[in-house]
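*Asks:* attaching a predicted model along with its sequence, questions to come.
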Amino acid sequence: MSEDRRRSARQPQATDVELIETWVNMLWLEKGLSENSLASYRRDLRQYALWLNQQQLGLLQADRAELQQYLNWRLEQQLKSSSTSRLLSCLRGFYRYLLREGRIDRDPTLNLDNPRSGRPLPKTLTEQDVESLLAAPDTADLLGLRDRCMLELLYATGLRVSELIALQLEQINQRIGVIRVVGKGDKERLVPVGDEALRWVQRYLHEARPALVRDAREETLFLSQRGQMMTRQTFWYRVKRYAIESGIDKPLSPHVLRHAFATHLLNHGADLRVVQMLLGHSDLSTTQIYTHVASHRLQSLHREHHPRG
């Protein structure tokens with residue numbers, strides 16, 4: 001293979017890149033998807049287009065046989081079935097769009113099944129784990145006080161990490177204890193905040209945030225040392241550090257606190273649809289996986305404490 005051929009095989013065809021960008025822009029306009037979702041769709045399609053390019057094909061020429069070969073190739077690479085399911089969802093939307101626009105005559109994704117896999121249970125923490133994690137930050141330190149407040153709020157509300165770090169001052173109503181959250185697809189929801197978390201918010205606002213502010217016009221609630229919005233990576237790093245300090249030996253990320261929020265609510269008798277609303281899930285089936293976690297916990301308790309468990 002010539003050098004030019006080798007170089008072209010390492011990247012999608014220009015026409016494929018243009019098709020992908022046109023579709024992604026349409027998703028942004030019509031569905032208001034988040035940048036993270038759009039980036040995932042773009043990445044999945046580019047990887048498929050790159051594989052097709054190595055077969056001397058483009059997205060418009062691929063048919064069901066090529067798509068099946070690509071899925072088989074992913075299986076050989078031992079890629080996660082969950083990511084393949086996401087890819088198929090992406091491809092179905094993409095090819096339906098091309099069919100609607102008259103760019104193709106037949107949808108190659110018809111009659112393709114999602115890969116079979118057991119649905120993984122979300123990782124979560126016990127209530128004792130959460131208490132240990134919340135107590136880990138040094139609240140005598142400005143950043144420690146900020147982190148304690150963020151952890152308390154995350155556990156009290158079940159916010160996504162992206163929602164937490166993007167919170168603005170005007171989104172939290174301390175008087176009635178409610179946060180107005182702008183979630184995926186710019187959908188708004190109201191989430192109640194418990195008294196304990198509110199106390200930490202008030203303390204952070206009085207003792208820590210004024211010292212972190214660099215610009216009086218800054219409206220972001222939680223500020224970095226530089227007086228700006230924190231990144232998700234920074235917060236994840238600090239959560240991981242606190243997990244080590246508190247002796248939690250389970251894999252941990254900020255999202256695990258969201259799982260703990262949902263699971264602990266259900267363990268204490270919360271209604272599933274209430275949890276769905278609080279989490280901002282558009283589909284109840286997404287929330288239902290937490291019932292499996294709660295049921296697993298109840299079964300463990302039964303085995304441990306019932307005389308015939």
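*Replies:* All right, it came through fine. Residues are numbered from 1 along each chain as shown.
*Asks:* what about residue 205, neighbour count?
*Replies:* 15 (other C-beta atoms under 10 Å). For glycine as for every other residue, the C-beta is placed from the backbone atoms N, C-alpha and C.
*Asks:* repeat that for residue 237.
*Replies:* 11.
*Asks:* ditto for residue 90
*Replies:* 21.
*Asks:* list the buried residues for stretch 154-166?
*Replies:* 154, 155, 156, 157, 158, 159, 160, 161, 163, 164, 165, 166 (16 or more other C-beta atoms under 10 Å).
*Asks:* ends of it, what's the gap?
*Replies:* 13 Å (C-alpha to C-alpha, to the nearest Å).
*Asks:* likewise for stretch 242-258?
*Replies:* 16 Å.
*Asks:* pull the residues that contact that stretch.
*Replies:* Residues from elsewhere that reach stretch 242-258 (C-beta atoms under 8 Å, 6 or more residues apart in numbering): 122-125, 129-130, 132-133, 135-137, 147, 151, 154-155, 158-161, 164, 232, 235-236, 239-240, 279.
*Asks:* inside helices: which ones of those residues?
*Replies:* In helices, judged by DSSP state H, the following of those are found: 129-130, 132-133, 147, 151, 154-155, 161, 164, 232, 235-236, 239-240, 279.
*Asks:* and the two most separated of those?
*Replies:* 132 and 279 (23.7 Å; C-beta to C-beta).
*Asks:* give me the more crowded residue out of the two.
*Replies:* When residue 132 and residue 279 are compared for neighbours, residue 279 comes out ahead with 22 against 17, by other C-beta under 10 Å.
*Asks:* now the helices for the stretch 151-300 of the chain?
*Replies:* Using DSSP state H, counting those that start in this stretch, the helices of the stretch 151-300 of the chain run over residues 161-165, 195-207, 209-212, 232-245, 254-267, 272-279, 284-305.
*Asks:* pLDDT at the one residue sitting closest to the centre of the chain, what is it?
*Replies:* Residue closest to the average C-alpha location in the chain (C-alpha atoms, centre = their mean): residue 160, at 6.8 Å. In this model, residue 160 is scored at 82, pLDDT.
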